[in-house]
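In: below: sequence and its predicted model.
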Amino acid sequence: MIIDFSSHMITREVEEKLSSKESFQRLQKNFASETSDPEERIKVMEKHGIDMQVLTQPTPIVVGLRTEETEEVCRITNDAIGKVCRSYPDKFVPFAIVSLLDVKQAIYELDRAVNEWGCRGVVIGTNQNNKGVDAPENGRFYEKVCEYDIPVFLHPMNWSSYDLVNEDPAVMRLFGWPFDTTIALLRLIVSGTMERHPTLKVVTHHLGGGMFPFFSNRFNIKFENLKKEMKRPLSESLERVYGDTAVDGTAAALPCGHAFFGTERMLFGTDYPFSPEKGEVYLRENLAIIKSWDLPEEDKAKILGENAKRLLKL
């Protein structure tokens, strides 16, 4: 079985809600609206041999929204994706989306999404309005996630450090997003959040943002200066961190990611439909590099679907 763990769906309902927002209009240019139709998605899946997709809403749709607007978009999204997955239970797996700007509301929405729609995981942004994932008040949210025993999927967001006049927002998306994934994961670890919630499981987009696997020894060397909030070995936190293979078809990234995550914590992902040819380029190329990888077939089978099946309790 092949399961695409990082497949995005922007539903018609969300398009209608956000069509006038400039930030959404920029995002909208990067995906084909046809992919909001589950029947069209299934045709593409069958063409490429994908058995199931985990449906996640990309968190950048809430960039620049007020807290109340963000909460409404999360509710609309969860209802819309929930309905799609209920209609096609053999093809799609629902993940909730919540905003941590209001932790109490995030917990309420997570409860609702899990209990009404059977969501098997939850998506959060790596930051929102420059609030980090490790903010102390977020602890109540992670407690609830652990109660449900579902994974958190970290999706990258824009971040502010300095402004460059007239810079194309795509510059931030290209390498700023993977960087922010790396920083968000680092914050969850060194803040002691992972340690305080010993069953919390985190899935990182783009193989840990790329920087964790690539600079793993840099992290190990500098870690002694960062672990003030940690009392347990680092390995106990890292063994609950997963990475998806949505690396845009970059074959050289796989061995690096594998050295860091190992076979058991790698999940096949494509970032569909955010690529040319109505999203099929990333899907096709991410699948091809796994299949052509010099790795035992049983390990490939785990990465392509068995690990996801276990994590999602399918």
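Out: Looks like it came in fine. Residues are numbered from 1 along each chain as shown.
In: just the CA atoms of stretch 12-21, as CSV, please.
Out: Only the C-alpha atoms of stretch 12-21 are listed here, as CSV (Å, rounded to 0.1, in the frame of the first residue of the first chain):
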residue,chain,number,x,y,z
ARG,A,12,-14.1,25.0,-2.5
GLU,A,13,-15.6,26.3,0.8
VAL,A,14,-12.2,27.8,1.9
GLU,A,15,-11.6,29.2,-1.6
GLU,A,16,-15.0,31.0,-1.3
LYS,A,17,-14.2,32.3,2.2
LEU,A,18,-10.7,33.6,1.4
SER,A,19,-11.0,34.6,-2.3
SER,A,20,-10.6,38.3,-1.5
LYS,A,21,-7.5,37.9,0.7
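In: next SSE after the host helix or strand of E39?
Out: Secondary-structure assignment from DSSP states H and E places E39 in helix 38-48. Sequence order places strand 52-56 as the next helix or strand after helix 38-48, per DSSP H and E.
In: can you give me the strands in the stretch 101-250 of the chain?
Out: With strands called from DSSP state E, counting those that start in this stretch, the stretch 101-250 of the chain shows them at 122-125, 127-128, 131-132, 152-155, 202-204, 241-244.
In: of the ones you listed, which stretch is the most buried?
Out: Mean neighbour count, computed with mean count of other Cβ atoms under 10 Å, is highest for strand 202-204 among the strands of the stretch 101-250 of the chain, reaching a mean of 28. To be clear about C-beta, it is placed using only N, CA and C from the backbone, and glycine gets the same treatment.
In: that one - contacts with which helices or strands?
Out: Under the contact criterion of 3 or more Cβ pairs under 8 Å, 6 or more residues apart in numbering; DSSP states H and E, strand 202-204 touches strand 152-155, helix 177-190, strand 241-244.
In: and W117, how far from I97?
Out: Distance of W117 to I97, computed by Cβ to Cβ, to the nearest Å: 12 Å.
In: looking at those two, which one has more neighbours?
Out: Neighbours per residue (other Cβ atoms under 10 Å) separate W117 from I97, with I97 holding more: 30 against 20.
In: low-confidence regions, the stretch 201-314 of the chain specifically.
Out: Counting by pLDDT under 70, the stretch 201-314 of the chain shows no low-confidence range.
In: where along it do the helices fall?
Out: Using DSSP state H, counting those that start in this stretch, the helices found in the stretch 201-314 of the chain span residues 211-214, 216-222, 234-238, 253-261, 280-291, 297-301, 307-312.
In: of all those helices, which lies closest to I61?
Out: Minimum separation from I61 across the helices of the stretch 201-314 of the chain (Cβ to Cβ) falls at helix 280-291, 18.7 Å.
In: tell me what the longest helix belonging to the chain is packed against?
Out: Counting residues, the longest helix found in the chain (DSSP state H) is helix 67-87. For helix 67-87, the elements it packs on are helix 12-18, strand 52-56, strand 92-94, strand 96-97, helix 103-117, judged by 3+ Cβ pairs under 8 Å, 6+ apart.
In: out of these, deepest packed?
Out: Stretch with highest mean neighbour count among these: strand 96-97 (a mean of 30; mean count of other Cβ under 10 Å).
In: direction included, what does that one pair up with?
Out: Sheet pairing of strand 96-97 (DSSP bridges) gives strand 122-125 (parallel).
In: pLDDT on the partner strand, on average?
Out: For strand 122-125, mean pLDDT is 97.
In: can you give me how far it is from the chain middle?
Out: How far strand 122-125 lies from its chain's middle: 7 Å, per Cα atoms, centre = their mean, to the nearest Å.
In: if we can go back for a sec, let's have the strands of the stretch 101-250 of the chain in a markdown table, adding distance to L304.
Out: Below are these laid out as a markdown table (distance: least, Cβ to Cβ, whole Å):
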| stretch | distance to L304 |
| --- | --- |
| strand 122-125 | 22 |
| strand 127-128 | 31 |
| strand 131-132 | 33 |
| strand 152-155 | 18 |
| strand 202-204 | 15 |
| strand 241-244 | 12 |
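In: what residues are shared contacts of W117 and I97?
Out: Both W117 and I97 are in contact with N78, where contact means Cβ atoms under 8 Å, 6 or more residues apart in numbering.
In: quick one, what contacts the spatially closest residue to F268 that is not a sequence neighbour?
Out: Closest residue to F268 apart from its sequence neighbours, by Cβ to Cβ, 6 or more residues apart in numbering: L304 at 4.7 Å. Contacts of L304 were listed using Cβ under 8 Å, 6+ apart, and they are 1-3, 268, 290.
In: what sits up against the longest helix of the chain?
Out: 9, 11-14, 17-18, 38, 55, 57, 61-62, 65, 92-99, 101-102, 105, 109, 112-113, 116-119, 128.
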